[in-house]
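Asks: Structure of the sequence below:
(one chain, ligands or ions: 1)
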Amino acid sequence: MQAAQAGSPTAATDGRRAETVRGIALGLASARGPLIPILHAVQDQLGWIDPETDVDVIADVLNLSRADVHGVLTFYHDFRRTPPPRHRAQICRGEACQAVGGQELYAAAQDRFSGSPDVEVGEVFCLGNCALGPSGFLDGKLHGRLTLERLEGWLS
Ligand code: FES
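Replies: Numbering: from 1, shown residues only. Take a look at the predicted model:
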């Protein structure tokens, strides 16, 4: 028997994950149009949706084909199909933020953190914080007057 590598899932963690996903799916299976709520619930609870194991479990509970579940999972970009990085920066690319350097900040942040396994840079469009642009979410918390230096300090 081959030993599991550090950080890699084991059969036991896969089994626990599958049971968690099954519990979520069973809990929502009787709802109208349950697939999307189940996918959201799995992502909320586990951080991402495994396109292999989670899809199999959900398809089984809902009596759907893997292709049906996979099709919905891949159609919506909000569903994560890989584990999330440690940090997530979402830079506002709305008009007001663009007028104060949001576009340049977004491009600089993408350059700075490209290839980093710990940081994901994404975009959002207007967070209602226009007067304090460039704005963004850093791990889900709203920040204003963002600069690349502030991002680097916060994310390092
Ligand atoms: S345009 Fe960026 S917060 Fe409104």
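
Asks: What about residue 150, how many residues nearby?
Replies: 15 (other Cβ atoms under 10 Å). Bear in mind the C-beta positions are built from the backbone N, C-alpha and C, glycine included.

Asks: any idea which element it lies in?
Replies: Following DSSP states H and E, one finds residue 150 within helix 148-155.

Asks: tell me what that helix is packed against?
Replies: strand 87-92, helix 102-113, strand 136-138 (3 or more Cβ pairs under 8 Å, 6 or more residues apart in numbering; DSSP states H and E).

Asks: ok, now which ones touch the residue of the chain at minimum distance from the ligand?
Replies: Residue nearest to the ligand within the chain: residue 94 (2.6 Å; Cβ to the nearest ligand atom). Going by Cβ atoms under 8 Å, 6 or more residues apart in numbering, residue 94 touches 102, 124-127, 130, 133.

Asks: Let's see that with 7 Å instead.
Replies: By Cβ atoms under 7 Å, 6 or more residues apart in numbering, the contact list for residue 94 reads 125-126, 130.

Asks: I'd like to know which of those residues are buried.
Replies: residue 130 (16 or more other Cβ atoms under 10 Å).

Asks: Among the contacts of residue 94, which one lies nearest to residue 116?
Replies: residue 125 (23.5 Å; Cβ to Cβ).

Asks: I'd say the closest one and residue 93 touch.
Replies: Yes. Using Cβ atoms under 7 Å, residue 125 is in contact with residue 93, at 5.9 Å.

Asks: Could the C-alpha coordinates of stretch 36-48 be exported in PDB?
Replies: The C-alpha trace of stretch 36-48 is given here as PDB (Å, rounded to 0.1, in the frame of the first residue of the first chain):
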ATOM      1  CA  ILE A  36     -27.800  24.900  -7.900                       C
ATOM      2  CA  PRO A  37     -28.600  25.300  -4.200                       C
ATOM      3  CA  ILE A  38     -26.700  22.100  -3.500                       C
ATOM      4  CA  LEU A  39     -23.700  23.300  -5.500                       C
ATOM      5  CA  HIS A  40     -23.700  26.600  -3.600                       C
ATOM      6  CA  ALA A  41     -24.100  24.800  -0.200                       C
ATOM      7  CA  VAL A  42     -21.200  22.400  -1.000                       C
ATOM      8  CA  GLN A  43     -19.000  25.400  -2.000                       C
ATOM      9  CA  ASP A  44     -20.000  27.400   1.000                       C
ATOM     10  CA  GLN A  45     -19.200  24.600   3.400                       C
ATOM     11  CA  LEU A  46     -16.200  23.000   1.700                       C
ATOM     12  CA  GLY A  47     -14.700  25.900  -0.300                       C
ATOM     13  CA  TRP A  48     -14.900  24.300  -3.700                       C
END
